[in-house]
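>>> Okay, predicted coordinates and the sequence, questions at the end:
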Amino acid sequence: MSANSCNVVVLISGNGSNLQALIDQSGNRGYRVAGVVCNNPAAFGLQRAAKAGVPAAIVEHRDFPNRETFDGALGEAIGAFAPDLIALAGFMRILGSAFVREQAGRMLNIHPSLLPKYTGMHTHQRVLEAGEREHGVSIHFVNEELDGGPIIARSRIAVRDDDDEASLIERAHRLEHDLYPKVTGWFAAGRLRLRDDGVYLDGNRLPVTGIEEPAPPGV
């Protein structure tokens, strides 16, 4: 792909802070955010897209009788933006198996834990309750297992003695906003690919826990 020829479609449900990071860093990372698809018409992320001049489509899941018909409408909305890559960024719907298989190798998700630990919801509070000394974020290719797809990259921070859920969320967000555009840029540059036997970066197969990227300064 030539510079900024990689069309990224971002799926959101809420605030859209990772969408904002992807938009803000797109010029330096060799991709363009071609569109946003959202299942929640009240999502603040739609305002972010509008402010940036990024077209958006709303596919409200409540309008559909089942997951299959929702997935079909979602696929049509995504396809209208001609994506090379789909980035889930706080998209709070579980996608059906057929949809996931169709998009295999070109759909990413970011998760607020050091996968494979703490899949699912409420990761920050669970990390604190477990007394963990490290926390972080992970980016993975999406497969049919919830938060279980092949891991691309992780970034970690130490859990501080004075951390509470709010402070841990704030620091994890800073990791996310650094790591997601970076990994998206790898894909756009043709450096990152999913093959049958694993995740490859620059032609080298990554370990099952992905590559470790340093946290940005001050996090």
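Ah, there it is. Numbering: from 1, shown residues only.
>>> Where does pLDDT dip in the protein?
When the per-residue scores of the chain are filtered using pLDDT under 70, the ranges that remain are 1-4.
>>> Mind listing what's buried along the longest helix along the chain?
Ranked by residue count under DSSP state H, the longest helix found in the chain is helix 165-188. Burial within helix 165-188, assessed by neighbour count using 16 or more other C-beta atoms under 10 Å, is assigned to 168, 171-188. C-beta: built from backbone N, CA, C; applies to glycine.
>>> Just the endpoints, please. Distance across stretch 179-195?
For stretch 179-195, the separation between the terminal residues is 22 Å (C-alpha to C-alpha, to the nearest Å).
>>> nearest residue to residue 11 other than its sequence neighbours?
By the measure of C-beta to C-beta, 6 or more residues apart in numbering, the closest residue to residue 11 outside its immediate chain neighbours is residue 91, 4.0 Å from it.
>>> ok, now which ones touch the one you found?
11, 12, 13, 39, 109 (C-beta atoms under 8 Å, 6 or more residues apart in numbering).
>>> do the same with residue 149
Neighbouring residues of residue 149 by C-beta under 8 Å, 6+ apart: 109, 140, 141, 142, 143.
>>> switch to 6 Å and redo it
Listed by C-beta atoms under 6 Å, 6 or more residues apart in numbering, the contact set of residue 149 reads 140, 141, 142, 143.
>>> How about residue 129?
With contact taken as C-beta under 6 Å, 6+ apart, residue 129 is in contact with no other residue.
>>> Could you pull up phi and psi at it?
Reported as degrees, to the nearest 10, the phi and psi values for residue 129 are phi -60, psi -30.
>>> and the end-to-end length of stretch 186-199?
Where stretch 186-199 begins and where it ends lie 12 Å apart, using C-alpha to C-alpha.
>>> Which secondary structure state does the residue nearest to residue 11 sit in?
Under DSSP: H, G, I helix; E, B strand; the rest coil, the three-state class of residue 91 is coil.
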